[in-house]
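A.B. asks: okay, here's the prediction I keep looking at, along with the sequence it came from:
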Amino acid sequence: MARWQMVTACVLAVAGLLPKVVVADEPVQPERVRVLVTGQTMAVNGYDQVPRGLFGVHWTDLDPEMIQEWGIELARQMHPTPDGHVTVPDEREDWRGLAMVMDCLGDRYHPATVLTNPDWEGFFTELGTRYGNEAKEAGVPVIAEFWNETFLNWSYKPGVNYDPQFYEQEGREVGAPMTIKGWDEPLEHLVWNRAIRTVHVDGRSDLMSYLAYNYIGRFHLAGHEFEFRGHRFRNQEMWWGTDPTQVSYWSGRQNAQFYRWMLVPFAQALKEANPEVEVIAGPSYSPSAGGWQAWEILYKPVIDEAWQWIDGLTEHHYRGDSRRAAVQYEVITSYAMTRYGKFLRGYNTEAGGRADANLPGAPETEEGDPLRTAIGAFNYGLRDIVYMLHTQPDKAASRTTHGANKEGWGLGGDEFFFRLLRPLRGRLILTRSSDRDVWAVASVNDAGDLVVVVYNDHREPREVRVDALPPRGTSLAGEGTRAWVEVDAEEHRLDLVEEPLRLEADRDAAPGVTLELAARSGQRLVLPLTREVPEGVRVERTQSFGPDVLIRVNPDEMGIVDIELDAEQLAAAERASLRLALQPHNSEALWRVEGVTEFAPLPNTQGIVELPLNPAELGETVRVTFHSGREKPDGLLIPAVSIMLDTYPGK
């Protein structure tokens, strides 16, 4: 078993209103990080497999050879004007070999059907029924995503749902409420305004004029005329809608309401026709945007109105710190479980290592060294997937890489994280790391290999000792392989390097290997086993959620979260931890479990943190207390709090 470095703790009384704090002495930099691959098959909240949906693509040119070589499991297909057709891989030469499909029904430049079809409710009921029935013949698991990026062009560039052609014209004046054509009552949130928008030279507006505004028209004043995709357009000042609840470029409450009106009949009908289809919903955005205003406006109401018929919520993330997505997934699951007892998961339906060109301030294209772009794409994807598997194999259901072989996106880079992670499939194996920023994930795949991936998230190199125990009933077969991705300077490209590996004996631990990991880099080990791993799970990790999400603690005040534990699980637990979803905060913030720990500094990080507890010291109600500290005037926000209990069935 790996030896853990011990630090001496001293108890300090902090003056004023701050509570007593346990402060560790300045730690000595360890000679090396210790990672233990326990060999124990694991289930987290009932999920015991590496989620295949994490190895997906969108807007990527595929063929069967590439699907096999890269290990692509999922592809996302857009249906801008959905008709209920299910994409079947075997019916497409380029998609043969996929394990899953994701059909996205509806796209951002197409107005909400509630504005264009008086029988929109009947339309979506029929659409859901048709899709559910057709999915029975697909031959692979199917995910139905309801609409793409309703947060964006419904409200911005140009705001297609605000086009005056969909509304009654009588009584137009700035600030007056708007009424959908044929409706008797005005909408709750939409009012008339004036704006410069792009139309055809004959005054018409349609999908093409929306695109013309986005790509050209928005950069010019009224009266400007131009050509776009073979059509003639002009800018003019005109009547246009606006939503006073729209706090940024992304959709406000009116578009959110349009979306839910359409989602509910569709999702309900689909689930009634075919409960096996995974239905995912949401604006395809970021719940934490605007200080979590996007959660309140766009995400939480979807759960409240449609939780019975959906399996998860969608988000997109490009560039930036992708650990933020893990925090968002934790909030989604925590809220749905505590309010409705439904385990909703997070589904990424677009991700990439460059900025989304459609968001404000992002360049339309990114110029520069293609090798630098490839390196960025590779490491962004590798870091993202390994972190999700390290922290949330139960909640992270999909990740669809955008433009995996497109120039300026993932060309020459995304390929290599797919290929490096290709063997990482099958049953989850529990790992432990002595360093919070060195992540280790492991599985036993169908080929009978124990596969380990270790990633160093530090900005400095780390020496990492990996000790590997085989699952019970098996042994390590002998020589394995070690693989990593490096830069081929002569060819000016990335290269996947693989070499034979034989684990070293260690008198203090299991056989293992010492890895020299550069900053923000990872390596893969493949260790063949002598025989098949027995069925069953050795470790069950079960989560008990705090009653609230987004817990706000005012400056210099206490925040209290009471978490109820299952008595039988607690009695059987051999390990426990306080699990926190965190975002960067005031470094003075503190935490404690009452009656179990003293106050200690709250880790100032973004992502998921587990702080070990002794299960023998826990009661059926666990009280967690937070103190905000004094420095930050807006206090402290804790996105989600829970307790993890580890039990060993059949031990």
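C.D. replies: The structure has been received and is ready for your questions.
A.B. asks: residue ranges of the helices in the stretch 451-600 of the chain, please?
C.D. replies: Here the stretch 451-600 of the chain has its helices, by DSSP state H, counting those that start in this stretch, at 567-572.
A.B. asks: again with the chain
C.D. replies: All helices of the chain, identified by DSSP state H, fall at 64-70, 113-116, 120-135, 207-215, 253-273, 289-294, 300-306, 323-340, 370-391, 414-421, 567-572.
A.B. asks: isn't Glu564 right up against Glu620?
C.D. replies: Yes. Here Glu564 reaches Glu620: they are 6.6 Å apart, a contact under Cβ atoms under 8 Å. C-betas here are computed from N, CA, C, even on glycine.
A.B. asks: what about the closest residue to Lys157 other than its chain neighbours, neighbour count?
C.D. replies: Leaving aside its sequence neighbours, Lys157 sits nearest to Asn214 (Cβ to Cβ, 6 or more residues apart in numbering; 4.4 Å). Neighbourhood size, Asn214 [other Cβ atoms under 10 Å]: 18.
A.B. asks: contacting residues for Asn214?
C.D. replies: Asn153, Lys157, Pro158 (Cβ atoms under 8 Å, 6 or more residues apart in numbering).
A.B. asks: number of nearby residues for the last one?
C.D. replies: Under the neighbour criterion other Cβ under 10 Å, Pro158 is assigned a count of 25.
A.B. asks: tell me the pLDDT of the closest residue to it other than its chain neighbours.
C.D. replies: In space, Pro158 comes closest to Tyr213 once its chain neighbours are excluded; the distance is 4.4 Å by Cβ to Cβ, 6+ apart. Tyr213 is assigned 97 on the pLDDT scale.
A.B. asks: wait, Tyr213 sits on Arg197?
C.D. replies: Yes. Counting by Cβ under 8 Å, Tyr213 touches Arg197, with 6.0 Å between them.
A.B. asks: what residues are shared contacts of these two?
C.D. replies: Shared contacts of Tyr213 and Arg197 (Cβ under 8 Å, 6+ apart): Pro158.
A.B. asks: quick one: contacts for the residue nearest to Pro158?
C.D. replies: By Cβ under 8 Å, 6+ apart, the contact set of Tyr213 is Lys157, Pro158, Arg197, Thr198.
A.B. asks: which of those residues ranks first by neighbour count?
C.D. replies: When neighbours are counted by other Cβ under 10 Å, Thr198 leads the contacts of Tyr213 with 27 neighbours.
A.B. asks: hey, what's that one bridged with?
C.D. replies: Taking DSSP bridges as the rule, Thr198 bridges to Asn235.
A.B. asks: ok, it - contacts?
C.D. replies: Pro158, Ser205, Ser209, Tyr210, Ala212, Tyr213, Ile216, Gly217, Arg218, Phe233, Arg234, Asn235.
A.B. asks: now the first one: how far from Pro111?
C.D. replies: Applying Cβ to Cβ, to the nearest Å, the value for Pro158 to Pro111 is 11 Å.
A.B. asks: residues near Gly368, how many?
C.D. replies: By other Cβ under 10 Å, the residues close to Gly368 number 9.
A.B. asks: try Gly182
C.D. replies: Count around Gly182 with other Cβ under 10 Å applied: 7.
A.B. asks: and among the helices of the chain, the most buried is which?
C.D. replies: helix 414-421 (a mean of 24; mean count of other Cβ atoms under 10 Å).
A.B. asks: could you dump that one to PDB, C-alpha only?
C.D. replies: Extracted in PDB, the C-alpha atoms of helix 414-421 (Å, rounded to 0.1, in the frame of the first residue of the first chain):
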ATOM      1  CA  ASP A 414      -7.800  15.500 -31.200                       C
ATOM      2  CA  GLU A 415      -6.900  12.300 -33.000                       C
ATOM      3  CA  PHE A 416      -4.200  11.600 -30.400                       C
ATOM      4  CA  PHE A 417      -6.200  11.900 -27.200                       C
ATOM      5  CA  PHE A 418      -8.800   9.500 -28.800                       C
ATOM      6  CA  ARG A 419      -6.100   7.000 -29.700                       C
ATOM      7  CA  LEU A 420      -4.300   7.300 -26.400                       C
ATOM      8  CA  LEU A 421      -7.500   6.600 -24.500                       C
END
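A.B. asks: return the distance of that helix from the chain's centre.
C.D. replies: Here the centre of helix 414-421 is set off from its chain's centre by 19 Å, with Cα atoms, centre = their mean, to the nearest Å.
A.B. asks: helices or strands up against that helix?
C.D. replies: Other helices and strands packing on helix 414-421, by 3 or more Cβ pairs under 8 Å, 6 or more residues apart in numbering; DSSP states H and E, are helix 64-70, helix 370-391, strand 480-488, strand 493-501, strand 521-528.
A.B. asks: tilt between it and strand 480-488?
C.D. replies: Here helix 414-421 runs at an angle of 160 degrees relative to strand 480-488 (axes from the mean of the first three to the mean of the last three Cα atoms, to 10 degrees).
A.B. asks: what does helix 414-421 contact?
C.D. replies: The contact list for helix 414-421, computed with Cβ under 8 Å, 6+ apart, reads 55, 69-72, 353, 377-379, 381-382, 385-386, 401, 404-405, 453, 483-485, 494, 496, 522, 524.
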